[in-house]
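Colleague: Kindly return the folded structure for what I paste below:
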Amino acid sequence: DPTTLDGGALRTAGEWAAAKAPEVGRWFLGQLGRVASWFGVVAGMALIPIYAFYFLLEKSSIERRWTDYLPVADSRFKDELVWLLTNINDALIVFFRGQVLVAVCDGVMYTIGFLIIGLPYALLLGLMATVLTIVPFLGAIVTCAAALLISLVQFGDWQHPFLVLVVFMVVQGVEGWVVQPKIIGDRVGLHPVTIIVALLVGTTLMGGLLGGLLAIPATAVLRALMFRYVWRITPGHGDGGRLPA
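Modeller: Below is the predicted model of the structure:
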């Protein structure tokens, strides 16, 4: 009977649609969530220049009045909190600016050294070292490994890998004993020996890359706190508000 067949087909189609409807709904909601998340990312990226423009426009006002927005009533505690946040901010700024200068010096030294030994892609390796050395130790490890690989593939002897290691040791020696203590030590206000000990303790206790990155600014903040609350060097008592170097 055609009517019976049509009714059976309709029931089968309805049962199939009812079974598939939840799956289709979940798929549709998943795709909608992905589209919404990508839209949020794109919208956020598009708003970055607008945020930057208004922050730069109000930079002077923010610098003058940022303490007014702290959720703390005017008191001695607020003064101490402002002093602490200002010193932490200054320590972080000077450290990361100094680290960028160290990375640039490393990149230049690597480029010159690799050019002297005739290694291909010397400029590219120097640029890579400049970018990666912003994180302590990462740039040195990756640059040395890449240079060794290139020298082995390009020359196939032991002399050029040995020369790469010589360049690496020279650059690391100059960075560790001259560039980094001089640039970061002077800018953060720490003695070169303190810089070396801080890096050793940071990489040992807090873990390799993260510890090396945070060791110096953490030491600078600790030094400021010690002078403020332990050794009682109070700003305004003959030092112009500056901590001793």
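Colleague: and the next element down the chain from the helix ranked longest in the chain?
Modeller: The single longest helix within the chain, with elements called by DSSP state H, is helix 2-57. Following helix 2-57 in sequence order, the next helix or strand is helix 59-65 (DSSP states H and E).
Colleague: Test for you: state the pLDDT assigned to the residue most central in space within the chain.
Modeller: In the chain, the residue lying closest to the centroid (C-alpha atoms, centre = their mean) is V135, at 6.7 Å. At V135, the predicted lDDT confidence score is 70.
Colleague: how about it, secondary structure?
Modeller: Under the three-state scheme (DSSP: H, G, I helix; E, B strand; the rest coil), V135 adopts coil.
Colleague: Can you tell me how far it is from W27?
Modeller: Look at V135 and W27: by C-beta to C-beta, to the nearest Å, they are 41 Å apart. C-beta coordinates here come from the backbone N, C-alpha and C atoms, glycine included.
Colleague: same check, this time on V102
Modeller: Distance from V102 to W27, by C-beta to C-beta: 51 Å.
Colleague: Which of these two has more residues huddled nearby?
Modeller: Legend: neighbour count by other C-beta atoms under 10 Å for V102 and W27, higher for V102 (21 against 11).
Colleague: Now for that one, which secondary structure element holds it?
Modeller: Counting by DSSP H and E, V102 is part of helix 76-116.
Colleague: Could you give the number of residues near K182?
Modeller: By the criterion of other C-beta under 10 Å, K182 has 16 neighbours.
Colleague: rewinding a little: can you name every helix or strand that the longest helix of the chain contacts?
Modeller: For helix 2-57, not one helix or strand is in contact under the criterion 3 or more C-beta pairs under 8 Å, 6 or more residues apart in numbering; DSSP states H and E.
Colleague: same question for that helix, mean pLDDT?
Modeller: Rounded mean pLDDT across helix 2-57 is 75.
Colleague: now do stretch 87-101
Modeller: Mean per-residue pLDDT for stretch 87-101: 80.
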